[in-house]
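Peer 1: no letters, just coordinates:
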């Protein structure tokens with residue numbers, strides 16, 4: 001049965017060239033973190049899910065704050081890595097920077113994370129100097145129902161989420177809510 005995995009169809013990625021194509025045919029280095037990879041790693045934050053990606057540096061300043069650098073280009077308030085959600089930028093403020101802890105999604109909503117390592121400014125603009133991280137969320141068709149998750153831990157760390165999605169004829173919708181409470185000391 002292992003020899004059949006060789007013939008298994010490869011998932012298409014969209015982050016490297018803005019059109020779906022197999023990862024082996026993309027014009028850049030692309031690494032895909034799947035939902036199963038996230039579950040297997042035990043990640044409770046977005047940046048924890050990226051810790052095993054080769055070429056990525058995750059710098060955690062304190063309990064609820066982190067920055068991501070690609071190929072050694074990392075610094076506080078890093079605006080050299082473009083973080084997208086379903087292909088849309090969430091950058092804000094004077095520094096044109098996205099604070100990772102303010103992402104309006106829960107870990108259960110993530111279908112996969114596509115990481116494009118290397119310059120992608122020709123496709124995405126000036127914030128993609130060292131790369132692009134595109135968080136692709138699940139569609140309502142993938143969710144089909146409700147899910148409640150709660151995680152506890154030491155030092156008053158806890159988080160939870162509620163996720164519901166449904167497709168009913170031509171209408172599909174997704175609702176979510178989440179909370180996180182950490183002791184920052």
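Peer 2: Structure's in. What do you need? What you are looking at is a predicted structure, and each value in this text was computed from that prediction instead of being measured.
Peer 1: only C-alpha atoms for contact and neighbour calcs from this point on.
Peer 2: Will do.
Peer 1: so what touches the lengthiest helix in the chain?
Peer 2: In the chain, taking DSSP state H as the definition, the longest helix is helix 35-41. Here helix 35-41 makes contact (CA atoms under 8 Å, 6 or more residues apart in numbering) with 49, 110, 111, 112.
Peer 1: what about those, which one has the most neighbours?
Peer 2: With neighbours defined as other CA atoms under 10 Å, the most crowded of the contacts of helix 35-41 is residue 49; it has 22 neighbours.
Peer 1: immediately after the longest helix of the chain, which helix or strand?
Peer 2: Next helix or strand after helix 35-41 toward the C-terminus (DSSP states H and E): helix 46-49.
Peer 1: elements contacting that following helix?
Peer 2: Secondary-structure packing of helix 46-49 (3 or more CA pairs under 8 Å, 6 or more residues apart in numbering; DSSP states H and E): helix 35-41, strand 65-70.
Peer 1: give the buried residues for stretch 136-151.
Peer 2: Buried positions in stretch 136-151, judged by neighbour count with 16 or more other CA atoms under 10 Å: 136, 137, 138, 139, 140, 143, 144.
Peer 1: any chance of these in TSV, with secondary structure too?
Peer 2: Shown next, in TSV, are those (DSSP: H, G, I helix; E, B strand; the rest coil):
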residue	secondary structure
136	strand
137	strand
138	coil
139	coil
140	helix
143	helix
144	coil
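Peer 1: now that residue 60 has come up, it's in contact with residue 51, right?
Peer 2: No. Residue 60 sits out of contact with residue 51 when judged by CA atoms under 8 Å, with a separation of 10.8 Å.
Peer 1: got a list of what the most centrally placed residue in the chain touches?
Peer 2: What sits nearest the mean C-alpha location of the chain, by CA atoms, centre = their mean, is residue 135, with 3.6 Å. The neighbours of residue 135, taking CA under 8 Å, 6+ apart as the test, are 83, 84, 85, 86, 87, 110, 111, 112, 113, 114.
Peer 1: please, which helix or strand holds it?
Peer 2: Assigned by DSSP H and E, residue 135 falls in strand 131-137.
Peer 1: neighbouring strands for that strand, and are they parallel or not?
Peer 2: Sheet partners assigned to strand 131-137 using DSSP bridges are listed as strand 81-85 (parallel), strand 110-117 (antiparallel).
Peer 1: adding distance to residue 176 and mean pLDDT, write the ones you listed out as a markdown table.
Peer 2: Below are the strands paired with strand 131-137 laid out as a markdown table (distance: least, CA to CA, whole Å; pLDDT from 0 to 100):
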| stretch | distance to residue 176 | mean pLDDT |
| --- | --- | --- |
| strand 81-85 | 15 | 84 |
| strand 110-117 | 12 | 88 |
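Peer 1: nearest to residue 124, out of the ones you listed?
Peer 2: strand 81-85 (8.2 Å; CA to CA).
Peer 1: after the closest one, which helix or strand is next?
Peer 2: Following strand 81-85 in sequence, per DSSP H and E, is strand 88-89.
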